[in-house]
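Asker: got a predicted structure here, sequence first:
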Amino acid sequence: MTDPTPTVHESNRKFYDRIADAYDLIADSNEKAARRAGVKALALKPGEAVVELGFGTGNEVLDLAGLVGPTGTVSGVDISPGMLAVARRKLATTPPACPVNLLVGDARSLPFADASFDAAYTSFTLELFPAEDIPAVLSEAKRVLKPGGRLAVVSMSVVPAGQHTSALERTYVWMHRHFPHLVDCRPIDAPALVTAAGFRVTTRQELTIWTMPVAVVVGEK
Ligand SMILES: C[S@@+](CC[C@H](N)C(=O)[O-])C[C@H]1O[C@@H](n2cnc3c(N)ncnc32)[C@H](O)[C@@H]1O
């Protein structure tokens, strides 16, 4: 018998399928600077293989491809076929600088062999996962990275107790706690999570989007 209660992952897929065509209008301009800071922090080199977890509408795919160049590769997984369709349209309009392989898939179980990538990138995605699933996502990122491979995480960032100055951050936390079906994400402690997954944190930057703290973290395997 099928479980009548959809999992959070099934809800996410449906949610992003529904908003895929409008996603860039809602999120792109606000989040672009943070996404680009994450891509820059990865310090990609020509010829590298990079994978993106939760590539969304493919906003960083072209940038990643430009940095690894024609001898590199960009791969990615996203749970939403709707987001993949938007990303594919973008790539059809602006051909990427290297081979690109985007798939529908779940970041908790990546369809890639061990040690296949030099770098992994994820933005505004890790904070969608329930706390108990985040270690699985990070462990999969680690598995598919080569020794010495880098993982960049861009995410909404937790504020230490007693230091909440952003009303927007407090609103996200409250809305996610009380109405998780409306607000699917919440701030997370990305440096601590990346460290707990066995990465050595080499870069840590704090930015803000409309006062909301955002972390850019790079961990090395
Ligand atoms: C907030 S969007 C961010 C998209 C993109 N990274 C960006 O910064 O513009 C989150 C993305 O994560 C994807 N996602 C959600 N759950 C996922 C999962 N379990 N595995 C892979 N992707 C997932 C969603 O479909 C969506 O495209």
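Answerer: Ah, there it is. Numbering: from 1, shown residues only.

Asker: isn't G219 up against F199?
Answerer: Yes - if you go by Cβ atoms under 8 Å, G219 and F199 touch, sitting 2.7 Å apart. C-beta: built from backbone N, CA, C; applies to glycine.

Asker: of those two, which one has the most company?
Answerer: G219 (27 against 23; other Cβ atoms under 10 Å).

Asker: ok, now how distant is the more buried one from the ligand?
Answerer: 17 Å (Cβ to the nearest ligand atom, to the nearest Å).

Asker: quick one: which helix or strand includes that residue?
Answerer: strand 212-220 (DSSP states H and E).

Asker: what are the buried residues along that strand?
Answerer: M212, P213, V214, A215, V216, V217, V218, G219 (16 or more other Cβ atoms under 10 Å).

Asker: the second one against I188, yeah?
Answerer: No - counting by Cβ under 8 Å, I188 is not a contact partner of P213; they are 10.9 Å apart.

Asker: overlap of the contact sets of the two?
Answerer: Shared contacts of P213 and I188 (Cβ atoms under 8 Å, 6 or more residues apart in numbering): M156, S157, V158.

Asker: tell me where the model's unsure across this structure.
Answerer: The chain contains residues with pLDDT under 70 at 1-6, 160-184.

Asker: just want the angle from the lengthiest strand in it to strand 212-220.
Answerer: If you go by DSSP state E, the chain has its longest strand at strand 145-156. Counting by axes from the mean of the first three to the mean of the last three Cα atoms, to 10 degrees, strand 145-156 lies at 170 degrees to strand 212-220.

Asker: could you export strand 145-156 as CSV, CA atoms only?
Answerer: Taking Å, rounded to 0.1, in the frame of the first residue of the first chain, the C-alpha atoms of strand 145-156 are listed here in CSV:
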residue,chain,number,x,y,z
LEU,A,145,34.9,13.7,-4.6
LYS,A,146,38.5,12.6,-5.3
PRO,A,147,40.9,12.8,-2.4
GLY,A,148,41.6,16.5,-1.9
GLY,A,149,38.4,17.5,-3.7
ARG,A,150,36.5,20.6,-2.6
LEU,A,151,32.9,21.1,-1.7
ALA,A,152,31.4,24.6,-1.7
VAL,A,153,28.1,25.2,0.3
VAL,A,154,26.2,28.4,0.0
SER,A,155,23.3,28.5,2.5
MET,A,156,21.2,30.6,4.9
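
Asker: packing partners of that strand?
Answerer: Counting contacts by 3 or more Cβ pairs under 8 Å, 6 or more residues apart in numbering; DSSP states H and E, strand 145-156 packs against helix 29-41, strand 117-123, helix 134-144, helix 190-196, strand 212-220.

Asker: do that strand and the ligand come into contact?
Answerer: No - Strand 145-156 does not reach the ligand (Cβ under 6 Å from any ligand atom); its nearest approach is 7.0 Å.

Asker: ok, now how distant is the nearest residue to D17 once chain neighbours are set aside from L91?
Answerer: Leaving out its chain neighbours, the residue that sits closest to D17 by Cβ to Cβ, 6 or more residues apart in numbering is G82, at 3.6 Å. Per Cβ to Cβ, to the nearest Å, G82 is found 15 Å from L91.

Asker: which of these two has more neighbours?
Answerer: Shown here are G82 and L91; by other Cβ under 10 Å, G82 has more neighbours (20 against 16).

Asker: roughly how far does the more buried one sit from F15?
Answerer: Distance from G82 to F15, by Cβ to Cβ: 10 Å.

Asker: same check, this time on K221
Answerer: 31 Å.
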